[in-house]
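Peer 1: Build me a model:
(2 chains)
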There are 2 protein chains.
Amino acid sequence: MDQVKPYVIGVDLGGTNTVFGVVNARGEIVAENSIKTQQYKTAEQFVEAGVECMKPLLQQVGGTDQIQGMGIGAPNGNYYNGTIEFAPNLPWAHEGIIPLAEMFKDAVGIPAKLTNDANAAAMGEMAYGAARGMKNFIVITLGTGVGSGIVINGQLVYGCDGFAGELGHVIMDRTGNGRPCGCGRLGCLEAYCSATGVARTAREILSSTSRPSLLREKPLDEIESLDVSIAADKGDEVANEIFQFTGKMLGEACADFAAFSSPEAFIFFGGLCKAGDLIMNPIKEAYDKTVLKIFRGKAKFLVSGLMNANAAVLGASALGWEN
Amino acid sequence: MDQVKPYVIGVDLGGTNTVFGVVNARGEIVAENSIKTQQYKTAEQFVEAGVECMKPLLQQVGGTDQIQGMGIGAPNGNYYNGTIEFAPNLPWAHEGIIPLAEMFKDAVGIPAKLTNDANAAAMGEMAYGAARGMKNFIVITLGTGVGSGIVINGQLVYGCDGFAGELGHVIMDRTGNGRPCGCGRLGCLEAYCSATGVARTAREILSSTSRPSLLREKPLDEIESLDVSIAADKGDEVANEIFQFTGKMLGEACADFAAFSSPEAFIFFGGLCKAGDLIMNPIKEAYDKTVLKIFRGKAKFLVSGLMNANAAVLGASALGWEN
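Peer 2: Presented below is the predicted three-dimensional model:
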């Protein structure tokens, strides 16, 4: 058997930046560099820029001979075939199937694997974060969208096609009057509990009432989820109600997820978690109130253990060791 | 390593009968016997009767030396610790935790494992039925209740506590006006799509309209799901509408389950499946209409491959080989 090499490369391919990090076996990022994701017209140009960006990093650790493999976390990433498929926010990947893992492998000369960003986060939690030692847990990412990485029996759940774990798209409102979601359907969890969903909840409450709120200091259509966090921190009642509403829906969704895989923990990741107890308490309360009796009080509700590190890079890098 | 013995015992512990079967490695039941489940006051008496019931079967195949192990499928069965926990329909197990696997092991002198009935059905499908060769599928049992056995990466999903796979208890109506479920909550899938749920839908439609229907030949409170099947088969419009309603809800629930584990197939099991296309077509239609675009048209919708065999015995027996 070949000896395992000392480093892997983790790539966090985000909507704005793509960060390349060289990571050692202890989960430390020893070198890092980034490019702007949106700046390229084609996938070929993007990969070329990525290779240039990695050159100084590779030099620093002694070249590609020192690298076990590369792991990429990307929106709409498919683990089974290493592709990005119809990623709406990537100009060079929104209209087709890009074999990104293979392109990087060919360009850099090291094996590469790819998965979606939420799965990468789950791998990061398992290897270095809040899920160390756990065999059954669910990571829920609360960002521009709501994503998820599900681990069962110590393995990421990819399903038959590589697309399992789209928990942002379970339907929470089946009345036919649910909020429209980016996926084209009505009432998805993501339409309420993503950053954009939270901002929308704020606009709905502010425009339908005349209740005083710190949130009124900004034009209605410029309010972001971060504004809600800041206002809630200052004790703003409307902002608190927005978190109550959001947390209740997340808690009720988690109650359904428990009926599926009965995880040991739900781990929340992303900007919204910075609100801490303001969001986590309503989640826990709604969960314990609505979950099936046999599950009550069992699951832990945790905030990511990787919020301050470059979690996405670490998560993707964990995939690098699979090579 | 010890040689594998030629037989296992599969036990289908049902609400009415408990069937003991000796099964060979080809999945054939070579001998079978049963007792009445409800006839015993204590678990000890039940196990004693079970041992008596098995004696002639064991004699027939040459004694316990020929048996690799015993597998039991039971309501509220817990795989991890071999117990039945708070089973509402078992007089000798509804108020506590019964270590049934250990009790049988001690009484018969062969190793025993236990799981819930829907998980046993999933093991049976994987070993001998519609899921042969599949690594990712979900069995949904439509009986007195709605149960499920989930297989991911070729493994049954038990979760952190052995209770995963309670898909009959995801919430389909969150308006606060959902149907009461046996679990004490409102709007569970089971409250609509179990045999009792289907009968209730029939009563609701018949009592709220004066539409003609074959179902009116029976007193309202005596209608069972089987009556609906028979009427639908004869082209009764109300009965067909009941299956449309039931299938739509199942299909929409499966769309959420796809977002979780993206299974290759959904396999339906139990009395309601005997209605065939009358129930399967509405399920498929609702699924394809409501599922997230990336999953559309991928999953198979199958009726159990074990409907005519003693599926529950075979499923439980598959667990016997794990010993």
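Peer 1: residue contacts, the closest residue to A:Gln155 other than its chain neighbours?
Peer 2: The shortest distance from A:Gln155 to any residue other than its chain neighbours is 5.6 Å, reached at B:Asn153 (Cβ to Cβ, 6 or more residues apart in numbering or on different chains). No exception for glycine: its C-beta is placed from N, CA and C like everyone else's. Under the criterion of Cβ atoms under 8 Å, 6 or more residues apart in numbering or on different chains, the neighbours of B:Asn153 are A:152-153, A:155, A:157, B:135-136.
Peer 1: so what's the backbone phi/psi at the closest residue to A:Leu13 other than its chain neighbours?
Peer 2: Counting by Cβ to Cβ, 6+ apart, the nearest residue to A:Leu13 once its immediate chain neighbours are dropped is A:Ala74, at 3.9 Å. The main-chain torsion angles of A:Ala74 are listed as degrees, to the nearest 10 and equal phi -150, psi 150.
Peer 1: The residue sitting furthest away from the middle of chain A: helix or strand, and which one exactly?
Peer 2: No residue in chain A sits farther from the centre than A:Ser210, which is 35.1 Å out by Cα atoms, centre = their mean. Counting by DSSP states H and E, there is no helix or strand that carries A:Ser210.
Peer 1: and A:Lys105, what helix or strand is that in?
Peer 2: Secondary structure (DSSP H and E) places A:Lys105 in helix A:100-108.
Peer 1: in that helix, what counts as buried?
Peer 2: Applying a neighbour-count criterion of 16 or more other Cβ atoms under 10 Å in any protein chain shown, the buried positions in helix A:100-108 are A:100-101, A:103-105, A:108.
Peer 1: Please apply the same query to stretch A:150-162.
Peer 2: Using 16+ other Cβ under 10 Å as the burial criterion, the residues of stretch A:150-162 that qualify are A:150-152, A:156-162.
Peer 1: quick revisit: I'd say the residue nearest to A:Leu13 and A:Leu100 touch.
Peer 2: Yes: contact criterion Cβ atoms under 8 Å: A:Ala74 and A:Leu100 qualify, at 6.8 Å.
Peer 1: any shared contact partners between those two?
Peer 2: With Cβ under 8 Å, 6+ apart as the test, A:Ala74 and A:Leu100 both reach A:84, A:114.
Peer 1: Kindly state the pLDDT recorded for the closest residue to A:Phe46 other than its chain neighbours?
Peer 2: Nearest residue to A:Phe46 in three dimensions, chain neighbours excluded: A:Tyr40, at 4.1 Å (Cβ to Cβ, 6+ apart). If you check A:Tyr40, the pLDDT there is 94.
Peer 1: what do you get for A:Met307?
Peer 2: The per-residue pLDDT reported for A:Met307 equals 67.
Peer 1: Please apply the same query to A:Ala93.
Peer 2: 84.
Peer 1: Next, it: phi, psi?
Peer 2: The phi and psi torsions at A:Ala93 (degrees, to the nearest 10) take the values phi -140, psi 10.
Peer 1: Report the contact partners of it.
Peer 2: Taking Cβ under 8 Å, 6+ apart as the definition of contact, the neighbours of A:Ala93 are A:43, A:76, A:84, A:86-87, A:100.
Peer 1: Now render those as CSV, adding distance to chain B.
Peer 2: Written out in CSV, the entries for the contacts of A:Ala93 read as follows (distance: Cβ to the nearest Cβ, whole Å):
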residue, distance to chain B
A:Ala43, 20
A:Asn76, 9
A:Ile84, 13
A:Phe86, 8
A:Ala87, 12
A:Leu100, 17
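Peer 1: just those now: which is nearest A:Phe269?
Peer 2: Of all the contacts of A:Ala93, A:Phe269 sits closest to A:Asn76, with 17.9 Å by Cβ to Cβ.
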